[in-house]
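Asker: Give the three-dimensional model of this entry:
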Amino acid sequence: MSQSDGEAHEPSTWIDDQTREHLQVLVEGVAVLAGFEQSSLTLRRAHDFEVVAAAGVEDGHVGRYVPAASIEDELAIADEWGVWRFVPHDRASAEALEYSHIPDVSPLDGADAWHPLDLLAAPIFDDHGRLRGLLSVDSPRDGRLPSPEKLEVLTQYAGVARTLVLLALEREELSERVRLASEAREIVRKALGEPTLELVLEACRHAVVSCFGAVGMWLTAFDTEGGTTTTTYALDEDYVVPPFTEIDDVVIGLAHRYWGEQYAAPFSRAHASQPGLPPEGAERLLGVLDRIGIGSVLFVPLGVGPECVGFLVLTRVSETRQWTDVELDTARDIGRDLGRAVANARQLALERAVVERLRRLDSYRVEVVNTLGHELRNPLFSMSANLELLEVGDLDPDARRSVEAASRGASRMRAVIEDMLTMAQMADPRREFDPVDVDLRRVLRDVHQECCAAASAAQVVCEPELPDEAVVVRGEPEELFQLFSNLIGNAIKYSDPGGRVAVRVALRDGEVVTTVEDTGIGISPHDQDQLFREFFRSTNPEALSRPGTGLGLAIVARIVKRHSGTIELDSERGRGTIVTVTLPPWTGPVADDDVSAEVGDGDRAS
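Answerer: Just a heads-up that it's a prediction; the model follows:
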């Protein structure tokens, strides 16, 4: 009998065609030259043995699985015939028979007769004494137990079988390591898309540790100021975290050297001599590894270009399994990939720090402007009130002209203060944005009503051309009012008497587009590049002759940005200007009661 009648599976895919052919020739040679009708070769697969080659048996025999425990139990009760093991039929266990292939033959008479339930197999052990396979023969052609001469032939085939099987397993392990190494590299490179080093490691650490056959890892990243940050991971929750501070001075220096040399160091008691590592440093490292139960590590430098940015350490409990050349090459590749992740994390940390400093500066600037604006308001109010009292009194012409000039100056100062406070509000990073549904037609009607007087005084025609249906965006009504009030006010201010200002709004290509077009003095290309800067005033003498704070368009740009919109300018000196504001539309349901009401005088932003 031969143990091979377990559950059928597809034949193993790990054996290449050449190896499979060699194994098949082997079992066929055993059958022919040693005088047996049947032979088979099984290899261990974790908790089972798989039939990988057979001769003289029915189809479907190859690919069957037998529990490893069943084979091990039979070998334990077998007689030793040199390298072969023989189990006579009267010792065969019921469990063994359940998984056995029993030939349909009748036994001969005599003490040396072969019984169909007899088992003759040669166990194949590796160099570490582990059972890796089994070469079995069955149904001798002469119906007798093998003679010493046949047993000698069988012994020779058992030796050949061991050589072929161990070579096949070695090729399999190498192929598997190459596959796992490729998978590890691919997983690490996919993980590089994560925004932080912590997320990169979380996405790939299990795969890296598993693919290298390690029990854990630690990664130390160097920061730009000479400090370090260390992250650990282990498959076993009871893994002891190494005392990094004891060895930092040794391994940090090695990391910089090994990155320059592109060297990954397999370190253990058997490989304690490493480049740049003095004997006392090696003993310190070995002492630390002994205390945490680690027998072998792979030390991998991390870097980008010429700069070392950290190191990765993969750990194994035992040094029995050596770090292969494939693993060393893969580790160096992963060191370069993780080096980019460390560098990216450092860059992001620097950028976040810069953003935070800018945010604090913005907050400080807002506080200063608010304080300054409110401090200036009180004396300005007092000054304006006294000027108004003087205006109603009896004044000679020169005094009245002086009072009027002072009043105009106070008005300009009041406008500057109000624009500064508005600008501070728009620039405040803590200012909340709480949008509602806003029909831009209503906002533009309100702005038109407010600007009518200024347009009449300047002898400029201001014409809103608004559609019949609602044009709805999500925004803050007061800010949108301020936005279009500044744009339309500027268009009127910089138009000569007899000029025209046209205001249009429409839904175009999935966006809400509002244009303010005037026939005014226009803007030069040089001025257009700086127009939205704070306190910028035109270089055009004709524009400078008209009062302004230099903050109106800066406020406009901030409001547009807060509403996720864009603003574009098309202008030429002496031809007029077209300002186009594009805002995202509100695509949800809109009811009349849901659209914000017209902005009243008390709602307008100052």
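Asker: Domain parsing of the protein, as residue ranges.
Answerer: According to automatic domain parsing, the chain comprises the domains 2-175, 192-430, 436-603.
Asker: So which of those is nearest residue 183?
Answerer: domain 192-430 (6.0 Å; Cβ to Cβ). C-beta here means a position set from N, CA and C on the backbone, and glycine is covered the same way.
Asker: how distant is that closest one from the center of its chain?
Answerer: Relative to the chain's own centre, domain 192-430 is displaced by 16 Å; criterion: Cα atoms, centre = their mean, to the nearest Å.
Asker: circling back: for residue 184, which of the domains of the chain is the nearest?
Answerer: domain 192-430 (3.9 Å).
Asker: Show me where the stretch 151-300 of the chain has its strands.
Answerer: Under the criterion DSSP state E, counting those that start in this stretch, the stretch 151-300 of the chain contains strands at 216-222, 228-234, 265-268, 296-304.
Asker: Turn the ones you listed into a markdown table, columns for distance to residue 169.
Answerer: Shown next, in a markdown table, are these (distance: least, Cβ to Cβ, whole Å):
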| stretch | distance to residue 169 |
| --- | --- |
| strand 216-222 | 27 |
| strand 228-234 | 28 |
| strand 265-268 | 22 |
| strand 296-304 | 22 |
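Asker: mind checking which of those strands is nearest residue 359?
Answerer: Counting by Cβ to Cβ, residue 359 lies closest to strand 228-234 out of the strands of the stretch 151-300 of the chain; the figure is 24.0 Å.
Asker: Let me see the mean pLDDT of that closest one.
Answerer: Average pLDDT, strand 228-234: 87.
Asker: again with stretch 250-257
Answerer: 91.
Asker: For the nearest residue to residue 583 once chain neighbours are set aside, give its distance to residue 479.
Answerer: In space, and not counting its chain neighbours, residue 583 is closest to residue 565: 4.1 Å by Cβ to Cβ, 6 or more residues apart in numbering. Look at residue 565 and residue 479: by Cβ to Cβ, to the nearest Å, they are 11 Å apart.
Asker: So these two - more neighbours on which side?
Answerer: A direct count of neighbours by other Cβ atoms under 10 Å for residue 565 and residue 479 places residue 479 higher, at 22 against 19.
Asker: who's the residue nearest to residue 232 when sequence neighbours are not counted bridged to?
Answerer: Spatially, and ignoring its direct neighbours in sequence, residue 232 is nearest to residue 218 (4.4 Å; Cβ to Cβ, 6+ apart). Note on residue 218: beta-bridge partners by DSSP bridges are residue 232, residue 313.
Asker: Neighbours of residue 218, how many?
Answerer: What residue 218 shows, counting by other Cβ under 10 Å, is a neighbour count of 19.
Asker: Kindly report the same for residue 259.
Answerer: Using other Cβ under 10 Å, residue 259 has 25 neighbouring residues.
Asker: What of residue 449?
Answerer: 11.
Asker: need the contact list for it.
Answerer: Contacts for residue 449 (Cβ atoms under 8 Å, 6 or more residues apart in numbering) come out as none.
Asker: From residue 500, how far out is residue 287?
Answerer: If you go by Cβ to Cβ, the gap between residue 287 and residue 500 works out to 89 Å.
Asker: I should have written residue 120 there, sorry.
Answerer: Noted for residue 120: a distance of 110 Å to residue 500, by Cβ to Cβ.
Asker: of those two, who's got more company?
Answerer: Of the pair residue 120 and residue 500, residue 120 is the one with more neighbours under other Cβ under 10 Å, namely 26 against 16.
Asker: my guess is that one is in a strand, correct?
Answerer: Yes: the assignment for residue 120 (DSSP: H, G, I helix; E, B strand; the rest coil) places it in a strand.
Asker: ok, it to residue 489 distance?
Answerer: 106 Å.
Asker: Just give the number of residues close to residue 399.
Answerer: Neighbour tally, residue 399, other Cβ under 10 Å: 12.
Asker: rewinding a little: can you put the domains of the chain in JSON lines and add distance to residue 184?
Answerer: Shown next, in JSON lines, are the domains of the chain (distance: least, Cβ to Cβ, whole Å):
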{"stretch": "domain 2-175", "distance to residue 184": "15"}
{"stretch": "domain 192-430", "distance to residue 184": "4"}
{"stretch": "domain 436-603", "distance to residue 184": "42"}
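Asker: check contacts around the residue most central in space within the chain.
Answerer: Among the residues of the chain, residue 194 comes closest to the average C-alpha position under Cα atoms, centre = their mean, at 1.5 Å. Each residue near residue 194 by Cβ under 8 Å, 6+ apart is listed here: 200, 202-203.
Asker: Now with 6 Å, please.
Answerer: Shown in contact with residue 194 (Cβ atoms under 6 Å, 6 or more residues apart in numbering): 200, 203.
Asker: Which secondary structure state does the closest residue to residue 168 other than its chain neighbours sit in?
Answerer: Spatial nearest neighbour of residue 168, chain neighbours left out: residue 19 (4.9 Å); criterion: Cβ to Cβ, 6+ apart. Following three-state DSSP, residue 19 is assigned to helix.
Asker: Next, work out how far apart residue 19 and residue 159 are.
Answerer: Taken as Cβ to Cβ, the span from residue 19 to residue 159 is 18 Å.
Asker: Between these two, which has more neighbouring residues?
Answerer: Legend: neighbour count by other Cβ under 10 Å for residue 19 and residue 159, higher for residue 19 (19 against 13).
Asker: just checking, the more buried one touches residue 167?
Answerer: No: using Cβ atoms under 6 Å, residue 19 makes no contact with residue 167, being 7.8 Å away.
Asker: re the thing from before, show the backbone phi and psi for the residue nearest to residue 583.
Answerer: phi -110, psi -170 (degrees, to the nearest 10).
Asker: And it, how far from residue 435?
Answerer: 12 Å.
Asker: Residue 185 is in contact with residue 211, correct?
Answerer: No: using Cβ under 6 Å, residue 211 is not in contact with residue 185; the gap is 9.0 Å.
Asker: Looking at those two now, which is surrounded by more residues?
Answerer: Shown here are residue 211 and residue 185; by other Cβ under 10 Å, residue 211 has more neighbours (24 against 21).
Asker: returning to that earlier point: quick one: which of the domains of the chain is nearest residue 181?
Answerer: domain 192-430 (3.7 Å).
Asker: ok, the nearest residue to residue 43 once chain neighbours are set aside - contacts?
Answerer: Excluding the flanking residues, the one nearest residue 43 by Cβ to Cβ, 6+ apart is residue 133, at 4.6 Å. Shown in contact with residue 133 (Cβ under 6 Å, 6+ apart): 43, 124, 165.
Asker: From those residues, which land in helices?
Answerer: residue 165 (DSSP state H).
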